[in-house]
Structure formats: C-alpha cells, structure tokens
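*Asks:* here is my input, please return the structure:
(one chain, ligands or ions: 2)
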Amino acid sequence: MSKKPLILGIESSCDETAASIITENGQGNTVVLSNIVSSQVEVHKEFGGVVPELAARSHVEKIDWIVQKAIDDSGRKIEEIDAVASTAGPGLIVCLSVGLSFGKAFASALNKPFIAVNHLEGHALSPKLNSELNYPYLLLLISGGHSQFLNVQGLGKYKRLGTTIDDALGEAFDKTAKLLGVEFPGGPQIEILAKKGDPNKYDLPKPIFNKGGCNLSFAGLKTAILRITKNIKTDQEKFDLAASFQKTVEEILYKKTKIAFGEFEKQNNLKDKIFVVAGGVAANKNIRSMLTDLCIEESFTSMFPPIEFCGDNAAMIAMVGLEKFKLNQFSNLDHTAKPRWPLDESAAFLKGAGIILE
Ligand code: KG4
Ligand code: ZN
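*Replies:* Ligands and ions are numbered 1, 2, ... in the order given. Modelled structure (predicted):
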C-alpha cells in the first residue's frame, strides 16, 4: 500500500490559533491525528470584539508551540509531513500573515510543498473530516463573517446562489448577545438563553423575507433588538428576546433554504441531493434540527460537521490541503494574504447596485 499523505494545516485568520495533522486510511477516509485550537476569547473579552493587533500578537506568541503540539499529538515525526497548508484568506490581514508566513517558512525548511487555503473552502469541506462527501452539493455557510448558499461543484468550483446583503448571521448572533449584555463571544450563549424564553413574545422583522431569492439580510433584526432592549428590565424579558431572535432566524433560514433547494435542483439534475451546513453558526443545535427536518421534507440528505469542526480549526484547512495535494495544486512561496477572497469571484459583485457582496 502506498504511503498516505500527511498534511499539516495552520489557521490564524481571526482569533483562533490552530494547527492540525491529518491523513487518510486505507479506505480513503480522512483521519484527524491531531487538532489543536487555542482561542483568544480572554484576550478580547474586555473589548467586546476582536482587536486585530492584539489577535496578531497572540498568534505570534503561540503559533510555534501550537504547531509543535499538533505534531507531537499526531504521533508522527516532523520529517513524515508531506505538505504544509495555511489559511491565506479571507480574514484580518495582520492575523493571516502570521500563519501564512509560518507555514511557508515551515514548508521551505522541510523542503515540502506549500498550499495556500481559502478559509471558506475549509468550512465548505469540513464535513469530509468525518464522513464521505461527494460533489456536487448545496452548501449553507453560516459564520461570523459570511452567510451564503453555494452550489459546490468541485474543489475550487463554487457557484453562489445567495448571500447576505448586510450582516453575517454569526455577527447578528454576536450583536444581539452584546445588546442583551452577554459576554463576548455571545453567539453560543444566545442559544442557551433562548431555551428559557418564550419565542412568541416579540414579533421581530424578517428583512427581504418575501423577495431577493435566497439572499439573506439580518441588519434590520439587529436594529429591532436594539429598540426593544432599551425597554427590557427583567431577565425573563431577556430570555424571551433571545428566544424570539432564535425563532426568527430559524424562520428566515427555513424559507431561504427552501428557495436555495429549488435553485440547486434547477442547476443540477440529481437523484441524491446533499445539503451541507457549515461554519460557526452550524453549531447551533436548534438550527441543525430545524434544517434536518426540512431536508427530510424536501428529500435532501443533510450533513453537518461535528460541533468541534464547525468553528474555526486547522483540521478543515488541512482537509483542503489534502485534496489539493492529491491534485498537485501547490502554491508559490510568494503567495500573499488575501483579506478578501470570495469562493465565487464572479458573483462577488452585485450587478447594478455597485456593492461588493462576498
Ligand atoms: O466559523 P467561525 O468560528 O468563524 C468565522 O469564520 O467567522 O464562526 C464564528 C461565529 C460567531 O459569530 C459565533 O457567535 C457563532 O459563529 N456561533 C454561534 C454558535 N456557536 C458559534 N452562533 C449561534 N449558535 C451557536 N451555538
Ligand atoms: Zn471561519
């Protein structure tokens, strides 16, 4: 049996410093040998959001021992690594530069190929870390910076069907949390608070619900929450608002996903239709179960990465690295960080409106 590729992945696009070693088994299934993620929550907590300069400094301080730990935990030797894959964008340029420079230097020192990875492609391929996943599939990518429906036709081949025209869903969760006085990062906390509240207490707006195909919009929701929080006095009212927010988000996703299913079906004539939900917000259990039910109704197979691979991690970066390695898709060592790097470049400009929509 030929040696299976051993890939080191490095992620530093925002506030997680991460490294991972992955390979494949004899059946061609991915094996994650180590997955180290160091969060900077404590660094940014007092500022209520990510401070780029502090994030970059923290990446610099931690990256070497995080990579060392990923190698140690994998049980493999440094010289066995076949390629190094680093996130090159999109993200905060000062943060991206740390993992990218480290990865390039590491690959160069080992005399092994370097692979620049699009962070969003990492999310898109994250379910492959523990399951088989064949192209094409419909992807709903919901993270802190992006919310979009994509027809994934192959590695590097994305056709965007819809996107947010303002805030990303994770951003809406985080802003709502902040308005409710929940500590950063608040997204996961909203899910917990919502369990104690009445989802029908507040009637929140659903911007572009009845138009815009499968485009999304969450900014109006945030404005409504801001108005309501000014009059909130009790904890129960907070729980009710969190529950109403969670319910409204689910209603928006339910309707827009149904439209995206139709678009996907028009573009692909398939018997077996797969729907992947990835990104930090895909960790939300209610959203997972609502979308699972929708898939049953609409004869799609639903796929979610395990919770540990929803948020930012380096295993998903190594996953893209592995796929590219098998296709000999290597990057030059002069590859620069790309703060803006849409998966579907051709759709990133909204015709007529003069607005860049990623
Ligand atoms: O994918 P990710 O880790 O980073 C980006 O690439 O942006 O996503 C982070 C986002 C944050 O906005 C966070 O609040 C949100 O995902 N998030 C959640 C949950 N867990 C993380 N939002 C709702 N419910 C959750 N359980
Ligand atoms: Zn991410």
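*Asks:* strands of the chain, start to end?
*Replies:* Ranges of strands in the chain, per DSSP state E, are 7-11, 16-24, 30-39, 83-89, 114-118, 137-142, 147-154, 157-163, 273-278, 300-303, 349-350, 355-356.
*Asks:* would TSV of the ones you listed with mean pLDDT be doable?
*Replies:* TSV is the format used below for the strands of the chain (pLDDT from 0 to 100):
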stretch	mean pLDDT
strand 7-11	99
strand 16-24	97
strand 30-39	97
strand 83-89	98
strand 114-118	98
strand 137-142	98
strand 147-154	98
strand 157-163	98
strand 273-278	98
strand 300-303	98
strand 349-350	56
strand 355-356	52
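*Asks:* can you say which of the ones you listed is packed in most?
*Replies:* strand 7-11 (a mean of 31; mean count of other C-beta atoms under 10 Å). For every residue, glycine as well, the C-beta is placed using N, CA and C.
*Asks:* partners of that strand, with directions?
*Replies:* Within its sheet, and counting by DSSP bridges, strand 7-11 is paired with strand 16-24 (antiparallel), strand 83-89 (parallel).
*Asks:* quick one: closest of the ones you listed to Glu298.
*Replies:* Counting by C-beta to C-beta, Glu298 lies closest to strand 16-24 out of the strands paired with strand 7-11; the figure is 32.4 Å.
*Asks:* quick one: distance of the closest one to the chain centre.
*Replies:* Centroid separation for strand 16-24 versus its chain: 15 Å, with C-alpha atoms, centre = their mean, to the nearest Å.
*Asks:* do that strand and ligand 1 meet?
*Replies:* No: Strand 16-24 lies out of reach of ligand 1 by C-beta under 6 Å from any ligand atom, never closer than 7.0 Å.
*Asks:* before we move on, what about stretch 201-219?
*Replies:* No: Stretch 201-219 stays clear of ligand 1 (C-beta under 6 Å from any ligand atom), getting no nearer than 11.3 Å.
*Asks:* and the closest residue to ligand 2 within the stretch 251-358 of the chain, what is it in contact with?
*Replies:* The stretch 251-358 of the chain approaches ligand 2 most closely through Asp312 (4.4 Å), counting by C-beta to the ion. With contacts defined as C-beta atoms under 8 Å, 6 or more residues apart in numbering, Asp312 is in contact with Glu11, Ser13, Cys14, Asp15, Glu16, Ala18, Val37, His119, Gly280.
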